[in-house]
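Q: Structure, please.
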Amino acid sequence: MAGFLSPLRIEEIPGDDQHWRLLEPCIYHLGEPDGQEWVEVPVGFVTDFGSIPRLFWNLPDLSPFGKFRRGYVVHDKLYIAPVIRTLTSARATTRAEADAILREALQVLGASWATRHLIYCGVRVGGWVAWRRYRAAEQDV
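A: Numbers count the residues shown, from 1 in each chain. Purely as a prediction, here's the structure:
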């Protein structure tokens, strides 16, 4: 099973109650804890955790501020900069793969089957908006 190699160390961005900044890298290995591929979220990365509508925050395990935050951070990073690293190279990832990695990370973090699939279905249905916005921004650079 995949695994996180570090705790999540963050700070609130002053004057912004919706975004947080990483104080240490967050590294997630795909497939197994010492897997050959990983996602590295760098120091300074800004996240909103899960873009879950506030309406659902009171449902068990759906708050973006709960125990699944590291999974949301990895997913945010893959949407903004869709790169998976190896010891010798890096490769681009697709939106579908980024969403599947979130589902895997949620399992690693102890989410129930129902929670994993509810969140996964949510990002599959609504994530295209953010994905397209980030890809359009890449074109403008």
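
Q: Could you tell me which residues make contact with residue 56?
A: Residues near residue 56 by CB atoms under 8 Å, 6 or more residues apart in numbering: residue 62. Every residue, glycine included, has its C-beta placed from N, CA and C.

Q: State the distance from it to residue 109.
A: Applying CB to CB, to the nearest Å, the value for residue 56 to residue 109 is 18 Å.

Q: swap in residue 26?
A: Using CB to CB, residue 26 is found at 12 Å from residue 109.

Q: what sits in contact with each of the two?
A: With CB under 8 Å, 6+ apart, residue 26 and residue 109 have common neighbours 4, 70.

Q: which of these two has more neighbours?
A: More crowded of residue 26 and residue 109, by other CB atoms under 10 Å: residue 26, with 25 against 19.

Q: Show me the shaky parts of the chain.
A: Filtered on pLDDT under 70, the chain yields the residue ranges 1, 54, 60, 141.

Q: Tell me which stretches of the chain form strands.
A: 3-4, 10-12, 20-22, 26-29, 38-41, 46-47, 83-85, 90-92 (DSSP state E).

Q: Let's have the ones you listed in TSV, adding distance to residue 124.
A: Compiled in TSV, these are given as follows (distance: least, CB to CB, whole Å):
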stretch	distance to residue 124
strand 3-4	23
strand 10-12	26
strand 20-22	25
strand 26-29	20
strand 38-41	19
strand 46-47	20
strand 83-85	19
strand 90-92	19
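
Q: what's the closest of the ones you listed to residue 67?
A: strand 3-4 (11.7 Å; CB to CB).

Q: Tell me the neighbouring strands of that closest one, and mark each as parallel or antiparallel.
A: Paired neighbours of strand 3-4 in the sheet (DSSP bridges): strand 26-29 (antiparallel).
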